[in-house]
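Visitor: My questions concern the predicted model and sequence given below.
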Amino acid sequence: MPDIIGTLKERSLHAVLKRYLQPDESKHEVRIGRYVADILDENGITEIQTRQFYKMNNKLAFFLKEYPVTVVYPVARAKWISWMDPETGEVSQKRRSPKTGKRYEVFRELQAIKAFLKEENLTLKIMMVDVEEYRLQDGWGRDGKRGSHRMERIPVALGEEYVISCREDYFHFIPESLPESFTVKDFAGAAGVSPAVAQRGINVLKHMEVIAMTGKKGRAYLYCCTTEKKMEKIEDSAK
C-alpha cells in the first residue's frame, strides 16, 4: 500500500482503493450492459462507494442477477485536515481531527440498499483508512469552516477490513457491552455513535433479523438479539 500511495497521491480515495484492490487497470471501468463496473475480475464485480449508496440501486439490481458483487465502503479511521483559502489558494498545516471513524458508520448508507442486503451474491467490505483531507475554507462563521466543502481525501494507511457476506456476520455489529434488552440510545452509547446512526443501524439489523422489537420503555422501543449464541467481536473476524 505505501508504494501505491506514493505514486497516486494526486488521485482520489476512490481511485487509490481501486488500484489497491485490483492493480491490473485493464480490469477497471468495465462496461456490463448499460452500466460500468469499477472492477470486474475472477472474483466478480467490485464497486467502491464512498457515499450515496442510493445511487447504486439500479446497478445492483442488474449486476446481482449475473455476478457476485462486493461493495467496498471506506471509513476514515484517523483524519488529518488541511484548509485551503479560496482567495489565495494557501493551504494550512495539517492537523489531526479528534474524531475517530468506526465501522458502524456504514449504517449511514446501508438503509439505502436494504432491499439487496439478503442477496446471496452481495458482499460488503468495510475498509478502515487513515486519510489526509483537504477542505476549502468557504463555509460560514468567523473561520469559514462550518458548511465548508471537502476537496479531496488521500489515503495514507490502511487499517482493518471487515467482510459482511451473510446474515450471521451482522451479529458482529452488536457491541459486547450492550445489555440484553436495549434502546436506540443504549446502542448509540455502546457503539460510540450518534443516535441518528444508531437508529439506522437498528433498522438494518431488524431487517436482517439480527434483532427484534420486544416492547417499550417509556417512549423508547426495546430490542433484543434474536439468538442467545455468543458472538465474537468483529475485530476477531477482521480479514
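Guide: On my side now, so go ahead. Nothing here was measured: the structure is a model prediction, and the numbers come from that model. Numbering: from 1, shown residues only.
Visitor: Compute the number of surrounding residues for the residue lying closest to residue 115 once chain neighbours are set aside.
Guide: On the basis of C-beta to C-beta, 6 or more residues apart in numbering, the spatially nearest residue to residue 115 that is not a chain neighbour turns out to be residue 57, at 7.6 Å. Every C-beta, even on glycine, is put in place using the N, C-alpha and C of the backbone. By the measure other C-beta atoms under 10 Å, the count of residues near residue 57 is 13.
Visitor: Equivalent analysis for residue 219, please.
Guide: Using other C-beta under 10 Å, residue 219 has 6 neighbouring residues.
Visitor: go on, residue 24?
Guide: 9.
Visitor: who's in contact with it?
Guide: By C-beta atoms under 8 Å, 6 or more residues apart in numbering, the contact list for residue 24 reads residue 41.
Visitor: Would you mark the buried spots in the helix or strand encompassing residue 199?
Guide: Assigned by DSSP states H and E, residue 199 falls within helix 195-207. In terms of neighbour count (16 or more other C-beta atoms under 10 Å), helix 195-207 has its buried residues at 197, 198, 199, 200, 201, 202, 204, 205, 207.
Visitor: Could you figure out how far whichever helix or strand comes after that helix is turned away from helix 195-207?
Guide: Elements were assigned by DSSP H and E; along the chain past helix 195-207, the next helix or strand is strand 211-217. For strand 211-217 against helix 195-207, the angle by axes from the mean of the first three to the mean of the last three C-alpha atoms, to 10 degrees is 120 degrees.
Visitor: what packs against strand 211-217?
Guide: helix 195-207, strand 220-225 (3 or more C-beta pairs under 8 Å, 6 or more residues apart in numbering; DSSP states H and E).
Visitor: Just the buried positions in it, please.
Guide: residue 211.
Visitor: Over to stretch 60-71?
Guide: Of the residues in stretch 60-71, those with enough neighbours to count as buried (16+ other C-beta under 10 Å) are 60, 63, 64, 68, 69, 70, 71.
Visitor: The chain: helices as residue ranges?
Guide: For the chain, the helices identified by DSSP state H occupy 2-7, 13-21, 57-63, 107-110, 184-191, 195-207, in order along the chain.
Visitor: Off-centre distance for the second one?
Guide: On the basis of C-alpha atoms, centre = their mean, to the nearest Å, helix 13-21 sits 15 Å off its chain's mean C-alpha point.
Visitor: okay, stretch 168-175 in PDB with CA atoms only?
Guide: Only the C-alpha atoms of stretch 168-175 are listed here, as PDB (Å, rounded to 0.1, in the frame of the first residue of the first chain):
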ATOM      1  CA  GLU A 168     -24.700 -14.200  10.700                       C
ATOM      2  CA  ASP A 169     -22.000 -11.600  10.000                       C
ATOM      3  CA  TYR A 170     -24.400  -8.900  11.100                       C
ATOM      4  CA  PHE A 171     -24.300 -10.200  14.600                       C
ATOM      5  CA  HIS A 172     -20.800  -8.800  14.900                       C
ATOM      6  CA  PHE A 173     -22.300  -5.300  14.900                       C
ATOM      7  CA  ILE A 174     -23.800  -6.000  18.300                       C
ATOM      8  CA  PRO A 175     -21.500  -4.300  20.800                       C
END
